[in-house]
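In: 3D model of this:
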Amino acid sequence: MTLVKIYDKIQDKFGAISKDSSLIEGYWQNPKTKVQYSDTNRNIWIVCDDTLTNRKYFHRLKKRLEKILKQDEIYITISQIELFR
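Out: Numbering: from 1, shown residues only. Predicted coordinates for the structure are as follows:
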């Protein structure tokens with residue numbers, strides 16, 4: 001599965017997705033294996049309600065993406081946002 005197809009599926013679910021086209025260099029150490037990695041990362045943003053259903057979706061998505069993209073870890077964060085109207 002390509003990144004475009006992944007983005008399309010997320011957009012279908014939530015109605016929108018934003019991505020940063022710049023690449024971010026990252027370095028980390030797997031705490032279990034102590035193996036050190038350097039990699040290239042991408043940022044995407046999905047604005048959605050903070051519900052148990054959505055949290056479960058992202059937990060499942062994380063596990064699927066780790067398999068599809070052959071990654072030890074996928075880093076997902078949740079942030080509170082304030083909409084100004």
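In: what about the most centrally placed residue in the chain, distance to K67?
Out: The chain has I76 as the residue nearest its centroid, 4.7 Å off, counting by C-alpha atoms, centre = their mean. Between I76 and K67 the distance is 15 Å, computed by C-beta to C-beta, to the nearest Å. For the C-beta atoms, the positions are set from N, CA and C on the backbone; glycine is no exception.
In: so who does I74 touch?
Out: Taking C-beta atoms under 8 Å, 6 or more residues apart in numbering as the contact definition, I74 lies against K62, L65, E66.
In: most surrounded residue in these?
Out: L65 (18 neighbours; other C-beta atoms under 10 Å).
In: do I have it right that it meets I6?
Out: Yes - judged on C-beta atoms under 8 Å, L65 makes contact with I6 at a distance of 7.0 Å.
In: quick check: closest non-adjacent residue to I10.
Out: I17 (5.0 Å; C-beta to C-beta, 6 or more residues apart in numbering).
In: perfect, I'm done here.
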